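A.B. asks: for reference, the sequence and a predicted model appear below.
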Amino acid sequence: MPISAEFRRPFAEQVSFFRNKLNLPTRRSGDITRDQNDAAFVVAGATKADLLADLRGAVDDAISNGQSLGEFRRQFEEIVAKRGWTGWTGEGTKAGRAWRTRLIYKTNLDTSYAAGRWAQMTDPDVVRLRPYWRYVHNTIENPRQQHQRWNNLVLRADDPWWQTHYPPNGFGCNCGVETLNQRGLERLGKSGPDTAPDNGTFEHVDNTTGEVITVPNGLQPGWDYAPGQTAAEHAIAVRLNRLDSVETTIARQHVGQLVEAPLFSRFFNGEIRGEYPVAVVPPVERQVLGAESPVVLLSQQSLRTHRERHPEIGLEDYRRVQQLLDDGQVYQVPNEPGRLIYLVIEGVTYRAALKRTQDGKKSYFLTLFKSRTDQPPPNAVRLR
């Protein structure tokens with residue numbers, strides 16, 4: 001059951017989510033919006049690195065050590081006094097400054113808590129045992145009527161509705177989500193999940209930029225996203241940037257860990273968008289391909305297409321991609337110097353393909369399936 005930010009005990013996923021953010025100087029509220037907040041720590045108007053670092057430290061203390069709002073407020077005021085932040089003194093009244101500190105405190109605690117819960121609830125083992133999510137309205141003061149109407153709404157964990165309506169759904173929103181198994185669903189008097197409501201949308205105009213965005217009714221602009229949903233994607237992106245700068249042996253170790261991790265299972269099941277590293281190209285083939293990066297990427301779009309065409313290929317098959325690249329037969333396709341075909345490992349006739357991007361920077365894994373023939377494409381040249 002959701003509880004006030006000041007009484008929540010921190011947990012590992014919540015702390016990890018916040019600490020994986022990058023400090024981002026911003027001049028005004030709204031410089032970053034929606035899921036961009038998964039990757040960045042911002043305080044509107046804080047543009048100096050040392051100031052932002054100190055403010056981040058105060059928020060980290062609040063999250064990881066369970067600081068109260070009062071404790072956070074005292075630390076915050078000490079920091080802005082030491083750094084001479086005029087953006088803070090410009091808040092004017094004491095009430096205005098109190099509102100600002102509460103906003104920073106509660107928003108960061110609420111979104112990090114929600115992101116940590118998202119990581120817990122989307123764990124494949126949890127989803128298997130508790131496949132339903134219940135919306136829980138928990139705002140006592142000035143409740144939002146639409147959020148009250150969603151109370152006890154039960155949808156499957158993978159229902160697209162959660163991608164925009166996963167709480168909090170605005171500043172000060174205390175709503176949360178509870179996982180349910182079939183028995184819990186039946187205790188609510190439901191034989192199956194509800195149908196996701198369509199409450200319509202409204203248009204919001206950014207007063208500074210003039211941009212017009214469409215927002216679902218009941219949600220505050222900028223809050224129509226699920227905190228933490230893209231955190232895994234940002235973490236993968238960070239790892240990818242590092243992989244391109246290390247030597248091949250270390251890159252192989254990192255990619256091997258990523259492929260064996262539960263994170264890859266989530267990517268395989270379509271829970272994570274973007275690209276995932278699945279192997280490192282052996283030196284000889286890398287030279288033939290001519291790609292700058294040794295890392296082989298698999299895009300979510302390609303994976304989705306592969307699984308539709310070849311549903312017999314499962315997660316463990318994709319975890320053998322590195323072995324296929326290391327031990328399989330390798331052929332170069334005629335007239336396509338940036339493409340390689342791999343066949344046969346341990347008596348299993350797989351057919352797989354890599355292709356270098358036109359700019360020569362990356363290599364992508366194109367397809368994987370089991371073939372009835374171990375014959376290579378016509379006129380293909382065997383490299384190994």
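C.D. replies: Right, received. Where do you want to start? This is a predicted model, so every value here is computed, not measured.
A.B. asks: quick check: neighbours of the helix or strand harbouring Val278 in the sheet, parallel or antiparallel?
C.D. replies: If you go by DSSP states H and E, Val278 is part of strand 275-280. According to DSSP bridges, strand 275-280 forms sheet pairs with strand 295-299 (antiparallel).
A.B. asks: list the buried residues for the partner strand?
C.D. replies: Judged by neighbour count using 16 or more other C-beta atoms under 10 Å, the buried positions of strand 295-299 are 295-298. Yep, even glycine has a C-beta here, placed from its N, CA and C like the rest.
A.B. asks: could you do stretch 188-200 as well?
C.D. replies: For stretch 188-200, burial by neighbour count (16+ other C-beta under 10 Å) applies to 190, 193-194, 197.
A.B. asks: which residue packs closest to Phe11, ignoring adjacent ones?
C.D. replies: Gly116 (5.8 Å; C-beta to C-beta, 6 or more residues apart in numbering).
A.B. asks: distance of that neighbour from Ser64?
C.D. replies: To Ser64, Gly116 is 12 Å away according to C-beta to C-beta, to the nearest Å.
A.B. asks: got it, and Asn379?
C.D. replies: Taken as C-beta to C-beta, the span from Asn379 to Ser64 is 61 Å.
A.B. asks: with neighbour numbers in mind, choose between those two.
C.D. replies: Comparing Asn379 with Ser64 by other C-beta atoms under 10 Å, the one with more neighbours is Ser64, at 15 against 9.
A.B. asks: that one and Val15 touch, don't they?
C.D. replies: Yes: if you go by C-beta atoms under 8 Å, Ser64 and Val15 touch, sitting 5.0 Å apart.
A.B. asks: model confidence for His137, exactly?
C.D. replies: On the pLDDT scale, His137 is placed at 94.
A.B. asks: got it, and the one 5 residues further on?
C.D. replies: At Asn142 the predicted local distance difference test score is 73.
A.B. asks: secondary structure element holding it?
C.D. replies: Going by DSSP H and E, Asn142 is not part of any helix or strand.
A.B. asks: how close does it sit to Phe171?
C.D. replies: 11 Å.
A.B. asks: cool, and Arg83?
C.D. replies: For Arg83, the distance to Phe171 - C-beta to C-beta - is 25 Å.
A.B. asks: which of the two has more residues huddled nearby?
C.D. replies: Arg83 (17 against 13).
A.B. asks: which ones are touching that one?
C.D. replies: Neighbour list for Arg83: 48, 50-51, 54 [criterion: C-beta atoms under 8 Å, 6 or more residues apart in numbering].
A.B. asks: brilliant, that's me finished.
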